[in-house]
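[1] quick check, what structure comes out for this input:
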Amino acid sequence: MRIPSVLLLLATACSAAEALPDHVTFTEHIAPILFAKCAGCHRPGEIAPFSLLTYADAKKHAKQLAEITTERTMPPWHADKDNPAFLNNRSLDEWQIALLTAWQRGGAVEGDAAKLPSAPKFAEGWAMGVPDLELKMPEAYQIPPEGRDTYRNFVLPLNFAEDKWISAIELRPSSPEVVHHVLIFLDTDGSAAKRDAKDPKPGYNGFVSVGLTYVAGWAPGAGPLVLPPDLAWRFPKGANLVLQTHLSPKGKAMQEATSVGLRFAKEPPPHTYTTVQLPPQFGILNGIQIPAGEKNYTLRDSFTLPIDCDAFAVGAHAHYLGKRMTMTATRPDGSKATLLKVSDWDFAWQEQYAYRERIPLPKGTRLDTEVIWDNSAENERNPSKPPVPVHWGIASADEMGSVTVGVVPRKNEDLEVLRAALTEHIADVMIDAAQHSLELPEGLGKKLAPVASMLKGFDKNGDGTLDDAERAPVRTLIQFSGFPRQMLNASP
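    Residues are numbered from 1 along each chain as shown. Purely as a prediction, here's the structure:
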């Protein structure tokens, strides 16, 4: 009779100070670790290069398992130890790492077959389980072997006759190696479908999505996007799903046909939510100018919450030069909380971190974000050798950088207060970036040249910057464009 796997999983939670077993075996000590922490990727048909579901599989890689876990290369988990507790933490504790090392040094013994826990069961093809609705691009998009990165928008009809509430979304690219990231939008007026119909190829080009409603983002390394039980996305009837996909050629002709799985919420959620992104990704534009050789190029941003709310999840985004990212909260009483700290950013593993317990953020809490890039030759992930100057851009060799926290207002009616404050902040960041572009070498400020030219007209005293009085009408104009509002996550 096999021992229930839950009991064996508990065996791995022992204190690291406890002496290791005299005989570490696969069935009793190693299988519970691999099943709980590794099998999600290390199984047939998944992204890992080999399976770890059987003793034979694990024994072949015993030495490698001991080495990469000791180095903490695997399981991939880049949030620092002093972060809040996360629900989806894949990292191993010192006891588990010691068991893997002892098992390898002891000859990688199999052990008593009766003590082997049942292998984890996965829904075929879906990490979140069988979706309630599965969508797929009707036609694959062809990616050439070389050339520029492409932003391509693919429209997937939902055909909902009534509003639906969505609790989880999973994306499964058919060629994940060419997918840099995906932004998920809703097309509620049919404008995206019309643009798609005019283009003979699948989808249509462009990364500006005016008129679309932002839902969430996905990047390589991220699992299913799952909201807590009291939250959900509203997908209105008649809407289409739009996948704004950033595609990067990888040296050979490939094709991409992304599948999307949706899980329906059982009922409308009792709470609303939105996200706070610092700095606003598409607000900073040419605010990033990283000189070649710079090891610690730093960008900071702050925002004060105008309402009482609670943080439930956090994530970050940068490209290859990303180095360190932090977001902290300073409450009105002076107490501080780390919302996210990543000291070893890895572009290949862009996690969505869900807090085990929600973090209280009362009205007046200041959120501070710091993003640091390393554009030196010592950065092994630097795609340019030797390093070259890098600025903000949508290509993988360009850079972005931000931290995004999901927050739930204590009072649903306060959501609009928060969104109004966020749109104002985004407008201010855009103004600051535009003013900065005036100082850039010729050519680097082209993206914001029209805005920068406009700013000169609002600089009434001609001092080269905008004071509060001069800034107000510019902020109103930017907000009127609707762009800041579009950047906010659409919750009910």
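[2] contacts only, for residue 188.
    By C-beta atoms under 8 Å, 6 or more residues apart in numbering, the residues touching residue 188 are 213, 236, 238, 239. Yep, even glycine has a C-beta here, placed from its N, CA and C like the rest.
[3] list the contacts of the second one.
    Contact partners of residue 236, counting by C-beta under 8 Å, 6+ apart, are 160, 163, 186, 188.
[4] neighbour-wise, which of those residues leads?
    In terms of neighbour count, residue 186 stands highest of the contacts of residue 236 at 20 neighbours, by other C-beta atoms under 10 Å.
[5] any idea which element that one lies in?
    Element membership for residue 186 (DSSP states H and E) is strand 179-187.
[6] circling back: ok, so of the contacts of residue 188, who is nearest residue 246?
    Residue 246 lies nearest to residue 213 out of those, by C-beta to C-beta, at 19.1 Å.
[7] give me the pLDDT value at the closest one.
    You'll see residue 213 listed with a pLDDT of 81.
[8] beta partners of it?
    Counting by DSSP bridges, residue 213 forms beta bridges with residue 186.
[9] so how far is residue 356 from it?
    Distance of residue 213 to residue 356, computed by C-beta to C-beta, to the nearest Å: 30 Å.
[10] neighbour count: the two, which is higher?
    The residue with more neighbours, out of residue 213 and residue 356 and counting by other C-beta under 10 Å, is residue 213; that gives 22 against 10.
[11] quick one, longest helix in this protein?
    For the chain, the helix that runs over the most residues, judged by DSSP state H, is helix 415-437.
[12] count the neighbours of the closest residue to residue 287 other than its chain neighbours for me.
    Spatial nearest neighbour of residue 287, excluding adjacent residues (C-beta to C-beta, 6 or more residues apart in numbering): residue 433 at 4.0 Å. When neighbours are defined as other C-beta under 10 Å, residue 433 has 23 of them.
[13] for residue 353, same thing?
    Number of residues near residue 353 (other C-beta under 10 Å) recorded here: 22.
[14] how many neighbours does residue 139 have?
    Quick note: residue 139 (other C-beta under 10 Å) scores 12 neighbours.
[15] for it, give its distance to residue 184.
    According to C-beta to C-beta, residue 139 stands 19 Å off from residue 184.
[16] low-confidence regions, the stretch 351-492 of the chain specifically.
    435-454, 479-492 (pLDDT under 70).
[17] show me where it has helices.
    415-437, 449-458, 468-480, 483-486 (DSSP state H, counting those that start in this stretch).
[18] would you turn these into JSON lines with distance to residue 278?
    JSON lines is the format used below for those (distance: least, C-beta to C-beta, whole Å):
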{"stretch": "helix 415-437", "distance to residue 278": "9"}
{"stretch": "helix 449-458", "distance to residue 278": "21"}
{"stretch": "helix 468-480", "distance to residue 278": "18"}
{"stretch": "helix 483-486", "distance to residue 278": "14"}
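[19] so which of those helices is nearest residue 178?
    Residue 178 lies closest to helix 483-486 among the helices of the stretch 351-492 of the chain, at 26.5 Å (C-beta to C-beta).
[20] now do the buried residues in stretch 468-478.
    Using 16 or more other C-beta atoms under 10 Å as the test for burial, stretch 468-478 gives 470, 471, 474, 475, 478.
[21] and the next element down the chain from the helix-or-strand element of the chain with minimal mean pLDDT?
    Lowest on mean pLDDT, DSSP states H and E among the helices and strands of the chain sits helix 5-11, with a mean of 34. Sequence-wise, the next helix or strand downstream of helix 5-11 (DSSP H and E) is helix 31-37.
[22] what mean pLDDT does that following helix have?
    pLDDT averaged over helix 31-37 gives 91.
[23] how far away from the center of its chain is whichever helix or strand comes after it?
    Past helix 31-37, further along toward the C-terminus, the next helix or strand under DSSP H and E is helix 55-60. Distance of helix 55-60 from the chain centroid (C-alpha atoms, centre = their mean, to the nearest Å) equals 33 Å.
[24] do stretch 251-270 as well
    From the chain centre to the centre of stretch 251-270 is a distance of 15 Å (C-alpha atoms, centre = their mean).
[25] could you tell me the end-to-end distance of it?
    Criterion C-alpha to C-alpha, to the nearest Å; first-to-last residue distance in stretch 251-270 is 48 Å.
[26] got a pLDDT number for residue 49?
    Looking at residue 49, its pLDDT stands at 82.
[27] that one: how many residues sit nearby?
    For residue 49, the neighbour count with other C-beta under 10 Å is 8.
[28] and it, how far from residue 369?
    Going from residue 49 to residue 369 by C-beta to C-beta gives 35 Å.
[29] ok, now residue 385?
    Distance from residue 385 to residue 369, counting by C-beta to C-beta: 29 Å.
[30] would you mark the buried spots in stretch 375-386?
    Neighbour counts over stretch 375-386 (16+ other C-beta under 10 Å) mark 375, 376, 379, 382 as buried.
[31] tell me which of the residues you listed is nearest to residue 228?
    Once C-beta to C-beta is applied, the member of the buried residues of stretch 375-386 that ends up nearest residue 228 is residue 379, at 36.3 Å.
[32] name the nearest residue to that closest one, ignoring sequence neighbours.
    Spatial nearest neighbour of residue 379, chain neighbours left out: residue 321 (6.7 Å); criterion: C-beta to C-beta, 6+ apart.
[33] and what of residue 264?
    Residue 264 sits nearest to residue 132 (C-beta to C-beta, 6+ apart), 4.6 Å away.
[34] and what of residue 361?
    Leaving aside its chain neighbours, residue 361 sits nearest to residue 309 (5.3 Å; criterion: C-beta to C-beta, 6+ apart).
[35] the one you found contacts residue 418, doesn't it?
    Yes. Residue 309 is within contact range of residue 418, at 7.0 Å (criterion: C-beta atoms under 8 Å).
[36] common neighbours of those two, please.
    The contact sets of residue 309 and residue 418 overlap at 407, 409 (C-beta under 8 Å, 6+ apart).
[37] more neighbours: which of those two?
    Neighbours around residue 309 and residue 418, counted as other C-beta under 10 Å, are more numerous at residue 309. The numbers are 27 against 20.
[38] separation between the more buried one and residue 44?
    Applying C-beta to C-beta, the value for residue 309 to residue 44 is 43 Å.
[39] now residue 117
    Separation of residue 117 from residue 44 (C-beta to C-beta): 19 Å.
[40] more crowded one of these two?
    Neighbour count, other C-beta under 10 Å: between residue 117 and residue 44, residue 117 has more, with 20 against 9.
[41] wait, that one touches residue 35, no?
    Yes. Here residue 117 lies in contact with residue 35, judged by C-beta under 8 Å, at a distance of 6.4 Å.
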